[in-house]
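Asker: here is the input, now give the coordinates:
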Amino acid sequence: PVLLTEEITLPPKSEKCINIKILSSMNKTSEALFEPTTHLHSKEIFLINALIKVEKNRSQIMIINANDRQKTLSKNTTLGHISYRSDANNYLILPELSQGNDKRLISTAMFFHKRDSHPSDRSCVLATKREVTSVGLTCRMNNHYEEQLQCYICQAQFLSRNDLQQHLRQKCYPSEIRTQIEQLTRHIEDAEQREQLQQILWKHGKLFDLRQPSIIKATIHHAIETGTHPPIYTSPYRVSYKDEQIQREEIDKLLKQGVIEESKSPWSSPIVLVRKKDGSVRFCVDFRKLNNITTKDAFPMPRIDDIFDHLSQAEYYTTIDFKSGYFQVGLDPKDRPKTAFSTRDQHYQFTVLPQGVTNGPPAFQRIVSQILGPTRWKYSLAYLDDVIIYSTTFKEHLIHPNDILNRLNDANFRLNVTKCQIARTSIDYLGHHIQHRSIRPNADNIRALLETQQPTSAKEAFRFVKAAEYYRKFIPGFSTIAQPLHQYAPTTKEQRTKKSKATPITLSDDALDAFNKLKRILTNDLVLRIPDQNLPFKIQT
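Answerer: Got it, this is the predicted structure:
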């Protein structure tokens, strides 16, 4: 058999010369005829018949990815088999396996060819135009010529995908996955439908295995383009003893996960610890000075209203959330030094895409869009790490999630199971509650707005009106109603910073009326009907 020597990732619509190894005991030879297997054709991956140069059981061959999305092949994937040419004769001899291997008889052909007087020294020699004739013969071949399937945990190999799935389910998947799959599907009343969905989730159980940090099979290049600007160094902020301990704990965790590494970079940005509402702390790095000199990535973010328009006819929805999505994306080694940060006695840099860099969102959006490929705007959409799959029938909703999960599995993503929802007829997505042809504001967000106390500073007043503005499409005449509150918008750069002091104010009568009216409107059951884009629209003024 001919096996792949290392794991490879093939970009969409591309060809590549790859390293292969030959598992057979033969006399020294210089040339052999490579014949590919056909099991990769279903993935639109093709190899060609070729005359190859073999040295020390190693060679190279051309591989083609005809798909519109990237594909990854694992190490030791079986690619085909070879026929060696005898030194004494102008014909090829098929190697016979040693007695220790399982064998079976396969009808094949012996190929005769005209010997080149000046054979090429190149490793990848295509033989598609070589004139050959054949005579029938029977040879012995190992049954591993077929698709080779390997457990990603224990490396055990299997002859069928069903055997591999059974092995993973019974032995190698963590026990929590069973509970998670049951929780994701327990809302489905029909037992047969529930079982069908569970089988799909089990098939892609690797997506839910969070025991080890995962890096996807795509690296962001030129994410932090700073031109010829010299490195920027900012001294670490002084912190309390308690915060220093928190920093150390977080850094130890990130080092263990492989998210950061020690650095000798001339760049440095300061660490910031952000307190969450629940009292916990988020470890952040203040990249503002770096962002100011970074060339901005113009990759488009999808409009939220366009996303909702495409959900008009759907009956079933699945939402997918990535587990620490940015930290699953490898960063180009050339960009890593620019992400460096310091503690009081150590210097580190990120190996993955960090939170806070200005090109993080467009770079991540580009990767997810490439992975989803042609399924976008047909039955899948993504806004950063929030992916939604939508279908008009349950039968379709068995096919569509399976396709998307397969794409994410191929990319080596991991999912945040607690934030995923499977095959729902109504769902929360991007701050809205979606049901067939209707959309409402998210109830939790509305509750938070209604609980807002009367603002006592300009910053609080403007924060309220900006939060309410997210749902302006539900409020007729929003701009007119909210106009008195816009007088409290920050007008200077200093006022727009988070550290600016909150100047005490008393709301004017008009502003207070606007504040109360917006809250009163938000108490109503706000519903929008999603239009059918296939029907004509009538404009009225």
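Asker: from now on I want contacts and neighbour counts done on CA atoms only, so please keep to that.
Answerer: Will do.
Asker: show me where pLDDT drops low in this structure?
Answerer: Residue ranges of the chain with pLDDT under 70: 25-30, 84-148, 153, 159, 161, 277, 492-502, 541.
Asker: tell me how many other residues surround Y429.
Answerer: Residues near Y429, counting by other Cα atoms under 10 Å, number 18.
Asker: can you tell me which residues contact it?
Answerer: T319, D386, I388 (Cα atoms under 8 Å, 6 or more residues apart in numbering).
Asker: now those in JSON lines, with neighbour count?
Answerer: Output for those, formatted as JSON lines (neighbours: other Cα atoms under 10 Å):
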{"residue": "T319", "neighbour count": "22"}
{"residue": "D386", "neighbour count": "17"}
{"residue": "I388", "neighbour count": "26"}
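Asker: same list, those residues, but as a markdown table with distance to I188 please.
Answerer: Formatted as a markdown table, those follow (distance: Cα to Cα, whole Å):
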| residue | distance to I188 |
| --- | --- |
| T319 | 16 |
| D386 | 23 |
| I388 | 18 |
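Asker: domain boundaries for this protein, per the record?
Answerer: Here the domain parsing of the chain from automatic domain parsing is 2-149, 220-436, 440-529.
Asker: closest one to E189 among those?
Answerer: Set against E189 and scored by Cα to Cα, these come closest in domain 220-436, at 11.6 Å.
Asker: gap between the closest one and the chain center?
Answerer: Taking Cα atoms, centre = their mean, to the nearest Å, one finds domain 220-436 lying 10 Å from the centre of the chain it belongs to.
Asker: buried set for stretch 200-213?
Answerer: When neighbours are counted by 16 or more other Cα atoms under 10 Å, the buried residues of stretch 200-213 are found to be I200, L201, W202, K203, H204, G205, K206, L207, F208, D209, P213.
Asker: what does stretch 378-395 give?
Answerer: Residues of stretch 378-395 classed as buried: 379-392 (neighbour count, 16+ other Cα under 10 Å).
Asker: for those residues, which one is nearest M62?
Answerer: Nearest to M62 among the buried residues of stretch 378-395 is S380, at 33.0 Å by Cα to Cα.
Asker: quick one: contacts for that closest one?
Answerer: Neighbours of S380 in contact, by Cα under 8 Å, 6+ apart: L372, V387, I388, I389, Y390, I404.
Asker: hang on, the second one packs against I307?
Answerer: Think V387. No - here V387 does not reach I307: they are 10.8 Å apart, not a contact under Cα atoms under 8 Å.
Asker: which neighbours do those two share?
Answerer: Shared contacts of V387 and I307 (Cα under 8 Å, 6+ apart): L381.
Asker: ok, back up a step: biggest separation within the contacts of S380, which pair?
Answerer: It's L372 and Y390 that sit farthest apart of those, by Cα to Cα, at 13.4 Å.
Asker: hmm, back to that, now tabulate the contacts of Y429 in a markdown table and tack on secondary structure.
Answerer: Rendered in a markdown table, the data for the contacts of Y429 read as follows (DSSP: H, G, I helix; E, B strand; the rest coil):
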| residue | secondary structure |
| --- | --- |
| T319 | strand |
| D386 | strand |
| I388 | strand |
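Asker: how close does the closest residue to P401 other than its chain neighbours get to E250?
Answerer: Distance criterion Cα to Cα, 6 or more residues apart in numbering; nearest residue to P401, sequence neighbours excluded, is I389 at 6.5 Å. Note on I389: its distance to E250, by Cα to Cα, to the nearest Å, is 34 Å.
Asker: coming back round to it: which one of the buried residues of stretch 378-395 sits closest to Q196?
Answerer: The nearest one, if we look at the buried residues of stretch 378-395 relative to Q196 and count by Cα to Cα, is S391, at 15.8 Å.
Asker: the chain: helices as residue ranges?
Answerer: 161-167, 176-185, 191-203, 241-257, 288-292, 304-309, 360-372, 396-411, 443-450, 458-469, 478-482, 493-496, 509-522 (DSSP state H).
Asker: closest one to L528 among those helices?
Answerer: That would be, of those and by Cα to Cα, helix 304-309, which comes in at 10.6 Å.
Asker: sorry, back to before: just put the contacts of S380 in JSON lines and tack on distance to I271.
Answerer: Shown next, in JSON lines, are the contacts of S380 (distance: Cα to Cα, whole Å):
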{"residue": "L372", "distance to I271": "34"}
{"residue": "V387", "distance to I271": "30"}
{"residue": "I388", "distance to I271": "34"}
{"residue": "I389", "distance to I271": "37"}
{"residue": "Y390", "distance to I271": "40"}
{"residue": "I404", "distance to I271": "37"}
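Asker: between those, which sits nearest S426?
Answerer: The closest of the contacts of S380 to S426 turns out to be Y390 (Cα to Cα; 10.8 Å).
Asker: for that closest one, which residues make a bridge with it?
Answerer: Beta-bridge partners recorded for Y390 (DSSP bridges): Y317.
Asker: count the neighbours of H41 for me.
Answerer: Applying other Cα under 10 Å, we find 12 residues neighbouring H41.
Asker: now the one 10 residues further on
Answerer: For L51, the count of nearby residues is 22 (other Cα under 10 Å).
Asker: got it, and A511?
Answerer: The burial count for A511: 20, using other Cα under 10 Å.
Asker: what residues are up against it?
Answerer: Going by Cα under 8 Å, 6+ apart, A511 touches A482, P484, L485.
Asker: from L184, how far off is the nearest residue to A314 once chain neighbours are set aside?
Answerer: In this structure, A314 finds its nearest non-sequential neighbour in T392, 4.4 Å apart by Cα to Cα, 6+ apart. Separation of T392 from L184 (Cα to Cα) stands at 20 Å.
Asker: my guess is V281 contacts V274. True?
Answerer: Yes - contact between V281 and V274 holds when scored by Cα under 8 Å: they sit 5.6 Å apart.
Asker: between the two, tell me which one has more neighbours.
Answerer: V281 (16 against 13).
Asker: what bridges to that one?
Answerer: Bridge pairing for V281 - DSSP bridges - gives R275.
Asker: distance of it relative to F350?
Answerer: Counting by Cα to Cα, the gap from V281 to F350 is 19 Å.
Asker: let's have the helices of the chain in JSON lines, adding distance to E225.
Answerer: Shown next, in JSON lines, are the helices of the chain (distance: least, Cα to Cα, whole Å):
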{"stretch": "helix 161-167", "distance to E225": "43"}
{"stretch": "helix 176-185", "distance to E225": "41"}
{"stretch": "helix 191-203", "distance to E225": "39"}
{"stretch": "helix 241-257", "distance to E225": "25"}
{"stretch": "helix 288-292", "distance to E225": "10"}
{"stretch": "helix 304-309", "distance to E225": "28"}
{"stretch": "helix 360-372", "distance to E225": "12"}
{"stretch": "helix 396-411", "distance to E225": "25"}
{"stretch": "helix 443-450", "distance to E225": "37"}
{"stretch": "helix 458-469", "distance to E225": "32"}
{"stretch": "helix 478-482", "distance to E225": "39"}
{"stretch": "helix 493-496", "distance to E225": "25"}
{"stretch": "helix 509-522", "distance to E225": "43"}
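Asker: and H436, which of those helices is closest to it?
Answerer: Comparing the helices of the chain against H436 with Cα to Cα, the closest turns out to be helix 304-309 (11.0 Å).
Asker: contact partners of the closest one?
Answerer: So helix 304-309 is contacted by L381, L430, I530, P531, D532, Q533 (Cα under 8 Å, 6+ apart).
Asker: nearest to M62, of the contacts of A511?
Answerer: So of those, ranked by how close each gets to M62 (Cα to Cα), first place is A482, at 63.2 Å.
Asker: report the separation between that closest one and F287.
Answerer: In terms of Cα to Cα, A482 sits 34 Å off from F287.
Asker: with adjacent residues omitted, what lies nearest to L398?
Answerer: Distance criterion Cα to Cα, 6+ apart; nearest residue to L398, sequence neighbours excluded, is L197 at 6.7 Å.
Asker: try Y379
Answerer: That would be Y390: by Cα to Cα, 6+ apart, it lies 5.2 Å from Y379.
Asker: and K264, by the same measure?
Answerer: Spatially, and ignoring its direct neighbours in sequence, K264 is nearest to H347 (7.0 Å; Cα to Cα, 6+ apart).
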